[in-house]
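>>> Quick one: sequence plus predicted model below, questions after.
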Amino acid sequence: MKILITGGAGFIGSHLADRLLENGDDEVFIVDDLSTGRLANVEQNQDNERFHLVVDTILNEAVMNELVFKCDQIYHMAAAVGVKLIMNRPVETLETNVKGTEMILMLANRYKKRVLIASSSEVYGKIMDGENTSLLVEDTDRLMGSTTKRRWAYACSKALDEFLALAYFEEKKLPVIITRLFNTVGPRQTGQYGMVIPNFVQKALINKPITVYGDGNQSRSFTYIADVIDVLIKLMAEPEAVGKIFNVGNEEEVTIKDLALMVKEMTGSSSEIEYIPYEKAYGPGYEDMQRRCPDITRLKDFMHFKPKTDLKGTIQSVIDYYKK
Ligand code: UDP
């Protein structure tokens, strides 16, 4: 088979490409504009005849038309990622996420190719403190902040991607699968765009202060990259997954305060743990989610999903990567 990965030089896309190349004799095409993706993430595949790299934007219709026409399946992973990037470059975020997905769906529909869309747990928006603290189920109501708060632009752009994908499925019978990825972590993830674990690990390894934003009582659940890749490949192969949305995450939950302590302990670091107001970290008008933990019943029912790597193993993989 010929498989296209948009954003294939990014953190998740490059791991997906590696796995597909390892698994069998598929040919893998990746397209990446190297905005947040890096050549270093794919250089191990340079001599592989079944690997093809196209450096371009997914908004280039002529290039994308050819790739979509050629390939049998599309994993659409290209997106503006990372809270820092989203806060600093809102135009790019909206354009990449909205126009990019529009382009992929339009072309996939032209040739009726199966598409898996990487959406985000951001679409759940905020859960108010003390209000709805339950696990997030795929069909739950969402609460978005004001349009003057930039963070929600990302959430809304991903939600729009989902609406468009579902519309293509329902109206035009395009085979689409939507995955809502929760915080995914592992080697190759950069801390440059805000992600908490690579940030904490990098600071801890050089004994610089580990910076916790807010009071650190906000919680997240982190999934190891290899577990996420397992799910993406299985869902793509499953005809019953078409037209559905899946939470892809881990039920193990941790507060950011405890995460900082874990990283400090696991690295044997002498870093101090510093608490910084959100405003100082992200600029004015930032709103954080207090809790974001998935209900993964749908995924479990579908494929008996059980993450193989726990939080400790996930953190360790990042420590090993940055030590190297
Ligand atoms: N965070 C932090 N210090 C950092 C980076 C992030 O305390 O250096 C916090 C952030 O405010 C959020 C959580 O860690 O509450 C997860 O942040 P990340 O950007 O990794 O992902 P998010 O879940 O916010 O998309």
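Cool, got the structure.

>>> in the helix or strand of the chain with the lowest mean pLDDT, what's buried?
The weakest-scoring helix or strand in the chain, judged by mean pLDDT, DSSP states H and E, is helix 83-88 (a mean of 82). Within helix 83-88, the residues that count as buried by 16 or more other CB atoms under 10 Å are 83-87. Just so you know, the C-beta spots here come from the backbone N, C-alpha and C atoms, and that holds for glycine as well.

>>> which of these are close to the ligand?
Among the buried residues of helix 83-88, the residues within reach of the ligand (CB under 6 Å from any ligand atom) are Val83.

>>> What is the nearest of the buried residues of helix 83-88 to the ligand?
The shortest approach to the ligand among the buried residues of helix 83-88 belongs to Val83, at 4.3 Å (CB to the nearest ligand atom).

>>> OK, contacts around the nearest residue to the closest one once chain neighbours are set aside?
Residue nearest to Val83 in three dimensions, not counting chain neighbours: Gly194, with 4.2 Å by CB to CB, 6 or more residues apart in numbering. By CB atoms under 8 Å, 6 or more residues apart in numbering, the residues touching Gly194 are 82-85.

>>> tell me which element Gly194 falls in.
If you go by DSSP states H and E, Gly194 is not part of any helix or strand.

>>> Over to Leu4?
Leu4 is part of strand 2-6 when elements are defined by DSSP H and E.

>>> hmm, who's touching that strand?
13, 16-17, 20, 26-32, 58, 67-68, 70-78, 100, 104.

>>> Let's see that with 7 Å instead.
13, 16-17, 20, 26-31, 58, 67-68, 70-78, 104 (CB atoms under 7 Å, 6 or more residues apart in numbering).

>>> That strand pairs with which strands, and in what direction?
strand 27-32 (parallel), strand 73-76 (parallel) (DSSP bridges).

>>> could you dump these to CSV with distance to Val201 and mean pLDDT?
Below are these laid out as CSV (distance: least, CB to CB, whole Å; pLDDT from 0 to 100):
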stretch, distance to Val201, mean pLDDT
strand 27-32, 25, 98
strand 73-76, 27, 98
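
>>> Can you pull the residues of this structure lying near the ligand?
Contact residues, the chain versus the ligand (CB under 6 Å from any ligand atom): 83, 183, 194-196, 199, 211-213, 218, 220, 256, 288.

>>> Out of those, which end up buried?
Buried among the residues of the chain next to the ligand (16+ other CB under 10 Å): 83, 183, 194-196, 199, 211-213, 218, 220, 256.

>>> Let's have those residues in a markdown table, adding distance to Gly268 and secondary structure.
Shown next, in a markdown table, are those (distance: CB to CB, whole Å; DSSP: H, G, I helix; E, B strand; the rest coil):
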| residue | distance to Gly268 | secondary structure |
| --- | --- | --- |
| Val83 | 28 | helix |
| Asn183 | 24 | coil |
| Gly194 | 25 | coil |
| Met195 | 22 | coil |
| Val196 | 20 | helix |
| Asn199 | 18 | helix |
| Thr211 | 19 | strand |
| Val212 | 19 | strand |
| Tyr213 | 24 | strand |
| Gln218 | 26 | coil |
| Arg220 | 24 | strand |
| Ile256 | 20 | helix |
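
>>> hmm, which two among those residues are most spread apart?
Using CB to CB, those reach their maximum pairwise distance at Asn183 and Thr211, which is 17.3 Å.

>>> Let me see the backbone angles for Tyr193.
Tyr193 adopts backbone torsions of phi -100, psi 20, taken as degrees, to the nearest 10.

>>> What about the spatially closest residue to it that is not a sequence neighbour, how many residues nearby?
The shortest distance from Tyr193 to any non-neighbouring residue, by CB to CB, 6+ apart, is to Gly82 (2.3 Å). Number of residues near Gly82 (other CB atoms under 10 Å) recorded here: 21.

>>> Leaving out the residues flanking it, which one is nearest to the residue nearest to the spatial centre of the chain?
Centroid-nearest residue in the chain: Leu181, 5.3 Å away (criterion: CA atoms, centre = their mean). Spatially, and ignoring its direct neighbours in sequence, Leu181 is nearest to Val248 (5.1 Å; CB to CB, 6+ apart).

>>> Show me what the longest helix along the chain packs onto, helices and strands only.
Across the chain, the longest stretch assigned as helix under DSSP state H is helix 151-172. Applying 3 or more CB pairs under 7 Å, 6 or more residues apart in numbering; DSSP states H and E, one finds that helix 151-172 contacts helix 83-88, helix 90-94, helix 100-111, strand 114-120, strand 176-181.
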